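1. Please work out how this folds:
(3 chains)
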Amino acid sequence: MHAPATAYATSTPAGSGDAALTDLGIVELGRMLRAGATSSLAITRACLDRIAAHDGTLASFITVTVDTALAQARRADAELAAGLDRGPFHGIPYALKDNVDTAGILSSSHSKIFADRIPPESAAVAQRLEQAGGVLIGKTATFEFAIGGPSWDLPWPPARNPWNRDYLPGGSSSGSGAAVGARFVPAAIGTDTGGSIRWPAAMCGITGLKPTYGRVSRRGVHPNTYSLDHCGPMTRSAADCAVMLSACAGHDPRDPGSIDEAVPDYAAALSGSVAGLRIGLVRHWYEEDATAEVVAAVDEAADVLRGLGAHVEIVTLDPLRDYVDAKTTISSVELFTVHERDLRTRPRDFSKRLRGRVLPGALIRGEDYVQAIRWRTELTSRMFAAFRRFDLFATAGWLAPADPADPDGVDFFQKRQLVTMPFSLTGLPALNLPCGFSAGGLPLSLQLAGRPFDEATVLRAGDAYQRATDWHLATPVLA
Amino acid sequence: MTATVPARPATREEIAVLARNAGLDLPADLFDELVAAYAGIEPMLMRLRRGRDRADEPAHVFDPRKFMPVED
Amino acid sequence: MAGALHEITVAEAGRRFRAGSLSPVELTQAYLARIDALDHALDSFITLTPERALAEAREAEALFAKGVDKGPMQGIPYGLKDIYDTAGLLTTAHSRLLAEHIPSEDSTVQAKLRAGGGVLLGKQATWEFAIGGPSFDLPWPPARNPWDRTKSPLGSSSGAGAAIAAGFCAAATGSDTGGSIRMPAAACGIAGLKPTYGLVSRRGVQPNSYSFDHCGPMAWTVEDCALMLGVMAGHDPRDPGSLPLPAIDYAAALAAPVKGLRVGVVRHWYEDELDAAPGVIAAMDESIAVLRSLGCAVSEVRLPSLRAFTDSKMPLTAGEIFTLHEHDLRTRPRDFGRSARYRVMVGGLLRAEDYVQAMRARTELTAQVFAAMSEVDVLLTAGSAGPAPDLLPDEPPSYFGVAAPSLTSQFNLTGQPALALCNGFDAAGLPLGLQLAGRPGEDALVLRLGHAFERATAFRARRPVLAPLAQCTAAQ
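-> Okay, the predicted model is just below:
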């Protein structure tokens, strides 16, 4: 067992009153709900109370949907009491990133442009979670349109890191990461184009899964980069990610990127064993550029997996820079295409950071874009060829702990290589999970990625790791 | 929307900048060819920018399953 | 079938091979003799492979003798457009840049035709890289139209169209990025199918525009296209555009009735938006009457304008083709023919936003076409706005879709199967064509309707007269 840095972990014992409910994950809450040991309403109230007490300093929510939450919780309790069980997500509170449309509820994408936008229809992912009996607690902060942030020149401030509010939670699913990390909700939906689920998961000490491209519908989710956008679960454990993914995955003919592939029972795949799994450790992506603490923590995590019976060997893939170049070129172009009209007519209504990231897309030539797409196919084919020898890839979840919240700080895009981008470009399922803490008490993260549509193996390995370690159980102290 | 974006076709000088960005360092006769050819395609480009709905995706779909290794 | 041996169809040759009344060697010799006598006036072949053809014909003959049957292409002499890679055999793409290019591996389609016992006669003329032409500034002249050698066979599968109409081969492969199978099929009075995108592998075929490129069969009859398609089709994981579509016996599927099929005529495309020759409109009206007499329910449908399709298609093509040739354009631009250079180089000026906006327009247009196809099974429109034009160099060079929008590339945008076939002749005796387009994956249905149309009309009985060409000199 690898103990978390206890000075920063004050996990409350489970089951000792409502405050403790917020410490529990989806699986335990579901067990208690079905045992009659608690109610969805009690869990929901515990979440709402904790948000009311602490979100003033964290700014993880843009909208808290108190009335919707209480009504959905009461309905879940009534249904469960009547024997109507919608499955393991029934009665579970969750949050949605604010670029996910919710019928009748502000869906701002954290932008002045959409500051009053109330869509008539919910996004597919929101509909599925509602049908699974989930309880919507609210809409979380993001970078503006999931790209321009952290920004201090928008109607809402950027979210802060629950482990230290002077630090940032990463992004762009910053509010979702902060809210789950702060134990405001056991689950949230994030979106990930270049790492926007996994980066905040890494910074906030939680577990976040970017599923395979095409696994979860993006209909009704504001686009960032059409050909790279993913939705996925952010929770406190791989086991909880499995439950949430089962609730929201599946083919949607109204999302052109959606792929018709059967959805397995992910929770059932969690055998707890990684014995015999062949894991390729992509060390050259992090060994030079990551902080020494990250290198040590990821190497140590690899040893844990070895100790559990996995065959971990070092593998060399293309340089990180190549994936980042191709991904950034594709993204810049598609982002500009999404926002071109507003950028031409009302550029000052966007944040400075968004303009800085999106405007250059206007200057990129068609050839560059097509070359980047061709490059994508080459990089993908070469990465996938390594699946002949490996079942999973492991690497760092991020190259450093969280950055300080400084409006004048260097843009993270310039600061360091994004180790999440290779699996964005190649569309593979990739899971970030906690694997240690920095000396300053900030979480560090391991990244695991598997074959297309093999989320089950990725989650199984993540779950096995979490059965052997307790980094994911560490809880921040909210002052 | 009747107005095109941009509102007028590119000048020779502007096309020279585009060609320079494309790495096309052309002798005069070939540059003339390029200017004439661009006059053919440019109106199409101007008509294409028409403020589509943000959710309207381009017609390419990335299917990662297609890149799994092939056993020969 | 009373015609000369070179007029035999793939279907009939197959029957006679199997009945023992014709040998693949005999048929191959007949084609080689005819090519030798006449192709100097038509320039449909770039490379002839007579020894190889005779060897393959003898191989096929031996297989028949042993009772081994590899399918409908066994013993059939065919041509390959010169953008299809052939191991150990010159593959030029009709370009000076590849004038000495000898690939080490066969394209997937060639490998399938060879494995199916086909007899390769040679490599056929195209436009340079399947985009630039007609050009007279290349190492090989452009192919000519057998119905009138002063006319163009259109392109870019020009050699294939000309050779089949001239009776130089029973079958040929084409490729179609914006109409390059269907335009020469219509201009040469033959049949040509652009299959569903992803049905036929493009691996080892010189690309033009990745997201529009299709390989397909060209032959004298629709039935022959169906026979050939059965051999060419199939999932190929080495072509990222290839789809795992179900295997279908396309030739067997021709037998099903066409009564009750709902045909939607897209009349505004050829009647209002293009300056169609009067003969074209009359031929289309007669074709509609034929389809009605076959029991089809014919109605008119309105779709987006050809201009909207062309505006989306051309920037995408320009963007994609430039990425293929950028290095050569930057370093040796004068090695391209003027027409290809003109059409390819401009892609360098495109901004990426233009490309993505065109992709978004493509989604929108495709959705509109498929929505209309919930009411009809097949779309019918003209194959071209007029008979074959004079064969003139592309001078000054032109850009596709500027003078008039394309009547074929809308189906490259949507990826649906589209078949061109002969539906009459103009007063000068030049062929006219129509197009039938189906839903994606419904190639068999399109072929079935085309086959029924051919059976109900007498256009397949008419052949170009080539005897005078024997005296013709190769010079223009």
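2. tell me which residues in the longest helix seen in chain B are buried?
-> The helix that spans the most residues within chain B, counting by DSSP state H, is helix B:28-48. By neighbour count with 16 or more other Cβ atoms under 10 Å in any protein chain shown, helix B:28-48 contains the buried residues B:30-31, B:33-35, B:37-38, B:40-42, B:44-48. Backbone N, C-alpha and C define where each C-beta goes, glycine included.
3. same question, stretch C:191-206
-> Under the neighbour-count criterion of 16+ other Cβ under 10 Å, stretch C:191-206 has C:191-206 buried.
4. Sort out which one of those lies nearest A:Ser271 for me.
-> C:Gly198 (37.5 Å; Cβ to Cβ).
5. from what I can see, the closest one looks like it's in a strand, true?
-> No: secondary structure of C:Gly198 (DSSP: H, G, I helix; E, B strand; the rest coil): coil, not part of a strand.
6. right, and the secondary structure at the closest residue to it other than its chain neighbours would be what?
-> Spatial nearest neighbour of C:Gly198, excluding adjacent residues (Cβ to Cβ, 6 or more residues apart in numbering or on different chains): C:Leu243 at 3.3 Å. Three-state assignment for C:Leu243 (three-state DSSP): coil.
7. which residues touch the closest residue to chain A within chain B?
-> Chain B approaches chain A most closely through B:Pro64 (3.6 Å), counting by Cβ to the nearest Cβ. B:Pro64 sits next to A:Thr212, A:Tyr213, A:Gly214, A:Thr380, A:Phe384, A:Thr426, A:Gly427, A:Leu428, A:Pro452, A:Phe453 when contact means Cβ atoms under 8 Å, 6 or more residues apart in numbering or on different chains.
8. Keep those residues, but drop any that are not near chain B.
-> A:Thr212, A:Tyr213, A:Gly214, A:Thr380, A:Phe384, A:Thr426, A:Gly427, A:Leu428, A:Pro452, A:Phe453 (Cβ under 8 Å from any Cβ of the partner chain).
9. From A:Ala396, how far out is the second one?
-> Which is A:Tyr213. 22 Å (Cβ to Cβ, to the nearest Å).
10. The first one too?
-> As defined by Cβ to Cβ, A:Thr212 lies at a distance of 21 Å from A:Ala396.
11. go on, the fourth one?
-> Taken as Cβ to Cβ, the spacing of A:Thr380 relative to A:Ala396 amounts to 21 Å.
12. And the next helix or strand past the host helix or strand of A:Ser424?
-> According to DSSP states H and E, A:Ser424 maps onto helix A:421-426. Sequence-wise, the next helix or strand downstream of helix A:421-426 (DSSP H and E) is strand A:430-437.
13. who does the helix or strand that that next one is followed by pair up with?
-> Next helix or strand after strand A:430-437 toward the C-terminus (DSSP H and E): strand A:443-450. Partners of strand A:443-450 in the sheet, by DSSP bridges, are strand A:392-396 (antiparallel), strand A:430-437 (antiparallel).
14. if you compare those strands, which one is most tucked away?
-> Of the strands paired with strand A:443-450, the one with the most neighbours on average (mean count of other Cβ atoms under 10 Å in any protein chain shown) is strand A:430-437, at a mean of 29.
15. contacting residues for A:Arg283?
-> A:Asp299, A:Ile314, A:Thr395.
16. now with 7 Å?
-> Applying Cβ atoms under 7 Å, 6 or more residues apart in numbering or on different chains, we find A:Arg283 in contact with A:Ile314.
17. How much space separates it from A:Gly205?
-> According to Cβ to Cβ, A:Arg283 stands 23 Å off from A:Gly205.
18. And A:Tyr286, by the same measure?
-> 18 Å.
19. Specify the beta-bridge partners of C:Thr421.
-> Wrong residue type there; residue C:421 is Leu, not Thr. In this structure, C:Leu421 bridges to C:Leu434 when assessed by DSSP bridges.
20. Now for it, how many residues are close by?
-> 31 (other Cβ atoms under 10 Å in any protein chain shown).
21. That one reaches C:Leu434, doesn't it?
-> Yes: at 6.4 Å, C:Leu421 counts as touching C:Leu434 under the criterion of Cβ atoms under 7 Å.
22. Quick check: the gap between the most centrally placed residue in chain B and B:Tyr38.
-> Among the residues of chain B, the one closest to the centroid is B:Leu45, at 6.8 Å (Cα atoms, centre = their mean). B:Leu45 sits 9 Å away from B:Tyr38, going by Cβ to Cβ.
23. Over to A:Pro443?
-> A:Pro443 is 53 Å from B:Tyr38, where distance means Cβ to Cβ.
24. A:Ala42 too?
-> 68 Å.
25. C:Met314 now?
-> For C:Met314 relative to B:Tyr38 (Cβ to Cβ), the value is 12 Å.
26. now do C:Gly386
-> Counting by Cβ to Cβ, the gap from C:Gly386 to B:Tyr38 is 28 Å.
27. Near A:Glu334, how many residues? Count them for me, please.
-> By other Cβ under 10 Å, neighbour count at A:Glu334 equals 28.
28. residues touching it, list them.
-> Applying Cβ under 7 Å, 6+ apart, we find A:Glu334 in contact with A:Thr225, A:Tyr226, A:Ser227, C:Val356.
29. wait, which of the residues you listed is closest to C:Gln110?
-> A:Ser227 (32.5 Å).
30. so where's chain A uncertain?
-> Applying pLDDT under 70 to chain A flags residues A:1-19.
31. other SSEs contacting the strand or helix carrying C:Met183?
-> Applying DSSP H and E as the criterion places C:Met183 in helix C:182-188. In terms of contacts (3 or more Cβ pairs under 7 Å, 6 or more residues apart in numbering or on different chains; DSSP states H and E), helix C:182-188 is packed against helix C:158-165, strand C:191-194, strand C:418-425, strand C:431-438.
32. hey, where'd the strands end up in the chain?
-> Since you didn't name a chain, this refers to chain A. For chain A, the strands defined by DSSP state E occupy A:61-64, A:93-97, A:135-140, A:187-192, A:207-210, A:230-235, A:278-281, A:311-314, A:392-396, A:430-437, A:443-450.
33. actually chain C
-> In chain C, the segments counted as strands under DSSP E are C:45-48, C:77-81, C:119-124, C:171-176, C:191-194, C:214-219, C:262-265, C:297-300, C:378-382, C:418-425, C:431-438.
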